[in-house]
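**Q** Attaching a predicted model along with its sequence, questions to come.
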Amino acid sequence: MMRPRAATAAATGTIDRTPAQRRTVRRDGLRYLLDRYARNPMALAGLGVILLIVIAAVAAPVLAPYNPITPDFDDLLHPPSRAHPMGTDDLGRDVLSRVIFGSRTSLLAGIISVGIAVAVGLPLGLLSGYYRGRLDDVLMRLTDAMLSFPFLVLALALAALLGAGLDKAMIAIGIVFTPSFVRLSRAQALSEREQNYVEAAKALGAGDGRIVWRHILPNIVSPMLVQASLATAAAITAEAALSFLGLGTQPPTPSWGSMLNIAQAYLGTAPWLAIWPGLAIFVTVLAMNLLGDGLREALDPRLR
Amino acid sequence: MSLFLLRRALLTLPVLFFVSVIVFALINLIPGDPARIMMGEEASPEALAVLREQMGLNRPVYVRYVIWLGRVVRGDLGKSVRDGRSVLETLLLKLPVTVELSLVALLVAWAIAIPAGVLAAWRRRTLWDYTATTVALAGVSIPNFWLGIMLIYLFAVNLRLLPPSGYVEPWIDLARNLKLMVMPAVVLGTALAALVMRLLRSSMIEVLGTDYVRTAQAKGVPDRGVLFRHAMKNAMIPVVTIMGLQLGGLLGGAVITETIFAVPGLGRLAVESILTRDYPMVQGVVLFSAFAVVTVNLAVDVVYAFLDPRIRWEERAA
């Protein structure tokens, strides 16, 4: 994680530029990043798949051929057919429609839990790295402690204590992800605060708030973006895992994880119930990982 | 050396302190009455009062923490609400099963990841490399619960080659034990294999670019010698350093794997006690797993200090 910082620091602000110049440089830095990203076919494919899933989630009511929640007791456990390309489930609901609507749950879970983790972790990490001292000592031991828990065990325990439901699962996953964002932003703040341009800004009379907000934060955006996209992939898996174990999304809301939970009972008779939701999770997480890896490689071409 | 050991061990104390605070807070700071949550809505007021007294719920929270910590330090993790058995005893009973599963999974993971990682780095930007990295990315992305279900469908339901789920102690029937372990170990090992392969590949690429490797090549050391005698040693450092993380991943993965394959280890215990609201047991499992990770991290660091004097010196200079 040290290398992306060096790369962005070199591409963005240095001391002897005017604010207007610095802005152009920064924008060029981002354009440079996007340029490199666009030259990576795997990363582009990941982005394409993510866009398709976002479209599916937004346009679910239009795209889904059936209502994903209303049972149809005349059509239970129907194998894939022309009317139901992915078959029907134990309540006669169209699996394709449920998979399409399930994308909403997964995307929401990924975005909200990572959003929580960033919203809490980023400011804490910046404060910790910029001011150091007692706060830093305590926070670092606390994150050490949180990172000692096996990720899923802690998420599971938190979700169980908060109660079942997608909202609580997202909070639980968000809390468990927070330490890694504290760690990353702290490390960045720690090294940025020693840079010459920060000293220059201080000499010019800039306050702490301005230095952190205007000078340090922009340099943290790129590594944060990488971390956030990889964390989103992990959060989507985590929500599906919690729902699979019966703690996340509750029926009848369509969620890929809870669909797999039900599918287990019908493996011998209706395997299509297990294939499609699982494939949906796999493809979404894979695309999200490709996106994150692509961003990381664009930041540091040496990794390829 | 002993000074280093002492300092390193002392550093884990604050971490363990926070671990204990988090585990205590898990049960005690949740909104609502823990006694009612544990016993459910239909519990009688008398029973609730007894449980509250037992848990010391009528005392201030920091007093309860100190009392609780005192018990934990003495190895008293309380009793299961479900069957009244000692939490620690149950943990120790389930531990060997998870250890066996994790060791087999670790073996599977390293057996795949080490050759694949070395090959991908050695034949960088060839078809070998692309295949290995793509498979590894798929391995990182595939949800383990889906992989487990698909393996059961393929090998147990369709091909009938392996039993779908269950567990037999190895000393009762070793062959059956191993047969039952194949699928859970593959599922548990997949994510780890992918992680190790990716890490080893990038550290191997770095090491292969160093002067000493070039010197070895210039001296005419055959490829195999360069790779396995010279480069491997240094390339493995980051892989072994994340042992603690790997253990955390294994324990987290065991939750899913043991549930799908009905393996009676710590992971399944965690899920069962969470679903039945057996909070003392939940507390025990969570505390135990974090403690294991902290301990393994400490052990890895100490072993390193023995193997690599630079780490000791840096520590002294700092």
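**A** Yep, it's here.

**Q** Which residues of the stretch 51-200 of chain A lie near chain B?
**A** A:141-142, A:144-154, A:156-158, A:160-162 (Cβ under 8 Å from any Cβ of the partner chain). Bear in mind the C-beta positions are built from the backbone N, C-alpha and C, glycine included.

**Q** So which of those residues sit within helices?
**A** When those are checked against helices (DSSP state H), the matches are A:141-142, A:144-148, A:151-154, A:156-158, A:160-162.

**Q** Enumerate the residues of the stretch 51-200 of chain B near chain A.
**A** Applying Cβ under 8 Å from any Cβ, we find that the stretch 51-200 of chain B lies next to chain A at B:137-138, B:140-146, B:149-150, B:152-153, B:157.

**Q** pLDDT below threshold where in the stretch 1-150 of chain A?
**A** A:1-30 (pLDDT under 70).

**Q** can you give me the helices for it?
**A** Counting by DSSP state H, counting those that start in this stretch, the stretch 1-150 of chain A has helices at residues A:2-11, A:19-38, A:41-58, A:60-63, A:95-131, A:133-148.

**Q** before we move on, back to that, closest to A:Leu96 among the residues of the stretch 51-200 of chain B next to chain A?
**A** B:Trp146 (17.6 Å; Cβ to Cβ).

**Q** Next, B:Leu188: secondary structure please.
**A** B:Leu188 falls in the helix class when you classify it by DSSP: H, G, I helix; E, B strand; the rest coil.

**Q** pLDDT score assigned to it?
**A** As predicted, B:Leu188 sits at a pLDDT of 95.

**Q** Burial check on it, number of neighbours?
**A** The number of residues packed near B:Leu188 is 34, by other Cβ atoms under 10 Å in any protein chain shown.

**Q** How about the contacts made by residue 95?
**A** I went with chain A, as the question did not name one. Each residue near A:Val95 by Cβ atoms under 8 Å, 6 or more residues apart in numbering or on different chains is listed here: A:His84, A:Met86, A:Gly87, A:Thr88, A:Asp89, A:Met259, A:Trp272, A:Leu273, A:Trp276, A:Pro277.

**Q** Hmm, no, I was thinking of chain B.
**A** B:Gly265, B:Leu266.

**Q** rerun that using 7 Å as the cut-off
**A** Going by Cβ atoms under 7 Å, 6 or more residues apart in numbering or on different chains, B:Leu95 touches B:Leu266.

**Q** Neighbours of B:Arg201, how many?
**A** So B:Arg201, with other Cβ under 10 Å, has 24 neighbours.

**Q** right, I mislabeled it, should have said A:Leu127
**A** 19.

**Q** Find the residue closest to it in space, skipping its chain neighbours.
**A** Leaving aside its chain neighbours, A:Leu127 sits nearest to A:Leu135 (6.6 Å; criterion: Cβ to Cβ, 6 or more residues apart in numbering or on different chains).

**Q** pretty sure that neighbour is touching A:Leu126, no?
**A** No. Between A:Leu135 and A:Leu126 there is no contact under Cβ atoms under 7 Å: 11.4 Å.

**Q** what about those two, which has more around it?
**A** A:Leu126 (23 against 13).

**Q** what about that one, distance to A:Met224?
**A** Separation of A:Leu126 from A:Met224 (Cβ to Cβ, to the nearest Å): 11 Å.

**Q** One more: B:Phe24?
**A** 32 Å.

**Q** what does the stretch 201-318 of chain B put close to chain A?
**A** Residues of the stretch 201-318 of chain B found near chain A (Cβ under 7 Å from any Cβ of the partner chain) are B:202, B:248, B:251-252, B:255-256, B:259, B:270-271, B:274-275, B:282, B:286, B:289-290, B:293-294.
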